[in-house]
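S.K.: Dropping the sequence and predicted coords here.
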Amino acid sequence: MFASNNYLGLAGDRRLIDAAIAATEMYGTGSTGSRLVTGHLALHDELETAIADLKGTEAALVFSSGYLANLGTIAAIVGQRDLILGDEYNHSCLKKGGLLSGAMAINYQHLDMADLTAKLQQHRVKYRRCLIATDSVFSMDGDLAPLREIMDLANQYDCMVLVDEAHGTGVFGDRGGGLTNALGIQQDLIQVGTLSKALGSLGGYVAGSAKLIDFLRNRAATWIYTTGLSPADTGAAIAAIKIVKSALNRRQQLWQNVAEIAQGLQELRIEAIALDSPIIALKVGDIATTMQMAKHLYDNGIFAPAIRPPTVPTARIRITLMATHTAGQIQKLLQALANRDRLV
Ligand SMILES: Cc1ncc(COP(=O)(O)O)c(C=O)c1O
């Protein structure tokens, strides 16, 4: 399996399974209502405190998914008189959040700070508030947003910043706090993410100032008008965060696996879009060749699908690494890639 978001291998971890069972035994299978009515559990408070601690923020709020966290947050903090500047490769939920908000949403070229600066110069003064929105780790390319430069521009042009750490949390930073934490960014920003990737559970979150979180509790429709996160998902996520904070060995193993693949690819002369994260997008040719390669890998016991336009601009084999991949499994992938000449 070289396509899973289970970066630290926690989705099958006994401690998460036990925590989900214990939470279910204690609270039942459903949270039974909106957090503002019957759906609020002490477990939710515990999880939100743990997320705020992991992220180094004053507060956090959990949503039913990362998708809903982004939709609800963006639509709550900007409106028709405001501007959103987003990386053109941002995840769907950042883009749809922009649409839902009614704000003017303009894309800047992928990772291109000169283009972001030009767009700020051209458009910023015409709008009341401005939100710069970006993924920290891009889900289909595996490259990283220049977060320090984005923060500097945001200060210069008086903008808010929303960073989606869906693929950064658990993977970057000494305690797994994400790319923002790894870069030591202390400024006020809105960190969004998911509980469903490195954290092995289900749900999403927003972490930021106490004022922001209080505002979202009153304004984020995707939090107010939906059922609270289930006890099992909440319990599993609490257990995951405890592990992630001290899971130095797992993170080291994950990065060692990234390094091994990077070296193997270099020897095989296979180019990747980036080698900066556990998401590695291999450039193997046009759409037809990429499809053949995915089939070749599958026939060799490896699941690493082709990702094609219109999801992405160019076809690629997207592989993701996990801390739990063995040296043998990595060799098997490299061997299958080495045999690519036998493609029909
Ligand atoms: C960058 C990014 N943001 C948000 C999400 C959505 O998170 P969730 O699966 O919790 O809805 C995903 C993928 O699922 C993602 O890749």
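M.R.: Arrived safely.

S.K.: Could you tell me which residues of this protein lie near the ligand?
M.R.: 65-67, 91, 93, 135, 139, 164, 166-167, 194, 196, 204 (Cβ under 6 Å from any ligand atom). All C-beta atoms are positioned from the backbone trio N, CA, C, and that covers glycine.

S.K.: which one of the residues you listed has the most neighbours?
M.R.: Most neighbours among the residues of the chain next to the ligand, by other Cβ atoms under 10 Å: residue 164, with 32 neighbours.

S.K.: hang on, isn't that residue packed against residue 189?
M.R.: No: the criterion here is Cβ atoms under 8 Å, and residue 164 misses it with residue 189 at 11.3 Å.

S.K.: picking up where we left off before, inside helices: which ones of the residues of the chain next to the ligand?
M.R.: The members of the residues of the chain next to the ligand that map onto helices under DSSP state H are 66-67, 93.

S.K.: OK, contacts around residue 270?
M.R.: 282-284, 337 (Cβ atoms under 8 Å, 6 or more residues apart in numbering).

S.K.: how about a cut-off of 10 Å?
M.R.: For residue 270, the contact set (Cβ atoms under 10 Å, 6 or more residues apart in numbering) comprises 261, 264, 280, 282-284, 293, 317, 334, 337-338, 340.

S.K.: in which helix or strand would I find the residue nearest to residue 117 when sequence neighbours are not counted?
M.R.: Closest residue to residue 117 apart from its sequence neighbours, by Cβ to Cβ, 6 or more residues apart in numbering: residue 153 at 6.3 Å. Element membership for residue 153 (DSSP states H and E) is helix 147-156.

S.K.: Likewise for residue 161?
M.R.: strand 160-164.

S.K.: What lies in contact with the helix or strand following that strand?
M.R.: Helices and strands here follow DSSP H and E; after strand 160-164, the next one along the chain is helix 179-182. By Cβ under 10 Å, 6+ apart, the surrounding residues in contact with helix 179-182 are 54-57, 135-137, 144-145, 147-148, 151, 161, 163, 165, 167-169, 171-176, 185-187, 189, 191, 193, 207, 276-277.

S.K.: Check which helices and strands the longest helix along the chain is in contact with.
M.R.: Criterion DSSP H: the longest helix present in the chain is helix 248-268. On a contact count with 3 or more Cβ pairs under 10 Å, 6 or more residues apart in numbering; DSSP states H and E, helix 248-268 meets helix 231-246, strand 271-272, strand 279-283, helix 327-338.

S.K.: need the next SSE after the third one, C-terminal direction.
M.R.: Once the chain leaves strand 279-283, the next helix or strand it forms, by DSSP H and E, is helix 287-299.

S.K.: Show residues contacting that next one.
M.R.: Under Cβ under 10 Å, 6+ apart, the answer for helix 287-299 is 2-3, 270, 282-285, 302-309, 314-319, 332-333, 336-337, 339-340, 342-344.

S.K.: Can you list the buried residues in that helix?
M.R.: 290-294, 296-297 (16 or more other Cβ atoms under 10 Å).

S.K.: Nearest to the middle of the protein, which residue? Look it up for me.
M.R.: When Cα atoms, centre = their mean is applied to the chain, the residue found nearest the centroid is residue 166 (1.3 Å).

S.K.: which regions of the stretch 1-150 of the chain lie under the pLDDT threshold?
M.R.: Across the stretch 1-150 of the chain, nothing is flagged by pLDDT under 70.

S.K.: Counting neighbours, what do you get for residue 187?
M.R.: 11.

S.K.: where does it land in three-state SS?
M.R.: Under DSSP: H, G, I helix; E, B strand; the rest coil, residue 187 falls in the coil class.

S.K.: tell me the contacts of it?
M.R.: Here residue 187 is in contact with 148, 151-152, 154-155, 161, 180 (criterion: Cβ under 10 Å, 6+ apart).

S.K.: which one of these is nearest the ligand?
M.R.: For the contacts of residue 187, the residue nearest the ligand by Cβ to the nearest ligand atom is residue 180; the value is 13.9 Å.

S.K.: Nice, that's everything, thank you.
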